[in-house]
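Engineer: sequence? don't have it. structure:
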């Protein structure tokens, strides 16, 4: 903690922690306590970035702040021109994205009655939201765990509500595992099949996770 | 931007047996989010289930009565899915998918509904992703989707995680306002 944090006290500083701040604070004190993760301010679902996507084949989150957040939350509402929507991780800050080294398992079900398991031990992605024909909407959310820790594996879970090129309206929920111990520092949505997408996706960090 | 996920407590479980996550439920919130990461169990644990008990707010002790029901779907990357369902057990069973010995082999979340309300049962929903070890053939991803209920109208203040040798487990608890 910075030396100037006296909080109106002489001598020993009071112990400061989230939910237990004591003293009289000036703006500089507050800024320092925020930087130290010790300032009580509710609202721990913290928006990192929203991407407004218009006619591109990828949507990239390049600023995960993965050393700050151990849990990330991503929402998406993307309209595809075709192909298939998937999520992939990067270990080089988004210079490239990993197209192998994942395992994935999900349950899906459609309004037409088709239910099934979508699973693979050799996946090209950490989240698969299905094939699309023109103007198929893909909506949902993902959680990512331990992306910034190379001593723990990266995992994802997801739940999506989609239009599909053959299954019409369907859900898919499941999870995936990046099977290499490494830091993953960028996420992208991409369209397999060189199609385009339009819509929004937002990345959040869960503070103190 | 202010949001309505409000931090309550984080716990770094290290070299512990059956840890209790205390004083996390109160009359401030009806709905809670619990995130778990960095799970590594003691040597010899293979595909263990970490079960959950509520901690009675009045007695301060875990409720071990046979009043827990739970159901979960285990989605395997290498095989067909499996259904787990239990009634009248002494804990919510298989709430976290699987846990193993080894570096950070699981991540997920649990939503808890009405744990502090003395006039309601406590309900659970969860989704996780983990590594599943198959002896002789390697490790595979298993994702889980689970529900559970503690069928007693009582006020609960915390949770106990039932696993006898946890090397590491990080827990973060939030209230949903």
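Structural biologist: Good, I have the coordinates. All of these numbers come straight from a predicted model, not from anything done at the bench.

Engineer: could you check the pLDDT of residue 18?
Structural biologist: Defaulting to chain A. The predicted local confidence for residue A:18 comes out at a pLDDT of 83.

Engineer: sorry, I should have been clearer: chain B.
Structural biologist: The pLDDT attached to residue B:18 in the predicted structure is 94.

Engineer: give me the nearest residue to it, chain neighbours excluded.
Structural biologist: Excluding its sequence neighbours, the residue lying closest to residue B:18 (Cβ to Cβ, 6 or more residues apart in numbering or on different chains) is residue B:162, at 5.5 Å. To be clear about C-beta, it is placed using only N, CA and C from the backbone, and glycine gets the same treatment.

Engineer: domain map for chain A?
Structural biologist: Domain assignment for chain A by automatic domain parsing gives A:1-42, A:45-206.

Engineer: from chain A, how far out is the residue nearest to residue B:18?
Structural biologist: 22 Å (Cβ to the nearest Cβ, to the nearest Å).

Engineer: over to residue B:14?
Structural biologist: Separation of residue B:14 from chain A (Cβ to the nearest Cβ): 14 Å.

Engineer: likewise residue B:104?
Structural biologist: 2 Å.

Engineer: if we can go back for a sec, let's have the domains of chain A in TSV, adding distance to residue B:44.
Structural biologist: Putting those into TSV (distance: least, Cβ to Cβ, whole Å) gives the following:
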stretch	distance to residue B:44
domain A:1-42	36
domain A:45-206	20
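
Engineer: burial check on residue A:166, number of neighbours?
Structural biologist: Here the count is done by other Cβ atoms under 10 Å in any protein chain shown, and residue A:166 has 11 residues near it.

Engineer: can you check residue A:72 too?
Structural biologist: So residue A:72, with other Cβ under 10 Å, has 25 neighbours.

Engineer: re the thing from before, deepest in the core, which of the domains of chain A is it.
Structural biologist: For the domains of chain A, ranked by mean neighbour count under the definition mean count of other Cβ atoms under 10 Å in any protein chain shown, the leader is domain A:45-206 at a mean of 20.

Engineer: quick one: is it near chain B?
Structural biologist: Yes - contact check for domain A:45-206 against chain B, using Cβ under 8 Å from any Cβ of the partner chain: residues in range are A:45-47, A:70-71, A:103-107, A:117, A:119-121, A:123, A:143, A:145-146, A:149, A:151-153, A:155-157, A:159, A:173-177, A:179, A:181, A:206.

Engineer: sorry, back to before: ok, the residue nearest to residue B:18 - contacts?
Structural biologist: With contacts defined as Cβ atoms under 8 Å, 6 or more residues apart in numbering or on different chains, the neighbours of residue B:162 are B:18, B:50, B:51, B:52, B:53, B:91.

Engineer: state whether the fourth one is indeed within a strand.
Structural biologist: Yes - assignment of residue B:52 by DSSP: H, G, I helix; E, B strand; the rest coil places it within a strand.

Engineer: for residue B:55, see how far away the residue lying closest to it once chain neighbours are set aside is.
Structural biologist: Closest residue in space to residue B:52, ignoring its immediate chain neighbours: residue B:92 at 4.1 Å, by Cβ to Cβ, 6+ apart. When distance is defined by Cβ to Cβ, to the nearest Å, residue B:92 is 13 Å away from residue B:55.

Engineer: comparing the domains of chain A by mean pLDDT, which bottoms out?
Structural biologist: Out of the domains of chain A, the stretch the model trusts least by mean pLDDT is domain A:1-42, with a mean of 77.

Engineer: what residues are up against the residue lying closest to residue B:54 once chain neighbours are set aside?
Structural biologist: Taking Cβ to Cβ, 6+ apart, and ignoring the residues beside it in sequence, residue B:54 has residue B:156 as its nearest neighbour in space, at 3.9 Å. By Cβ under 8 Å, 6+ apart, residue B:156 lies in contact with B:25, B:54, B:55, B:56, B:57, B:63, B:115, B:116, B:122, B:150.

Engineer: what's stretch B:101-108 in contact with?
Structural biologist: A:71, A:143, A:145-146, A:149, A:151-153, A:155, A:157, A:175, A:181, B:35-46, B:96-100, B:126-131, B:144, B:167-168.

Engineer: so residue A:29 belongs to a strand, correct?
Structural biologist: No - using three-state DSSP, the secondary structure at residue A:29 is helix, not a strand.

Engineer: ok, stretch B:66-76 near chain A or not?
Structural biologist: Yes - residues of stretch B:66-76 contacting chain A under Cβ under 8 Å from any Cβ: B:73, B:75, B:76.

Engineer: let's have those residues in a markdown table, adding neighbour count and pLDDT.
Structural biologist: Shown next, in a markdown table, are these (neighbours: other Cβ atoms under 10 Å in any protein chain shown; pLDDT from 0 to 100):
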| residue | neighbour count | pLDDT |
| --- | --- | --- |
| B:73 | 19 | 94 |
| B:75 | 26 | 95 |
| B:76 | 19 | 94 |
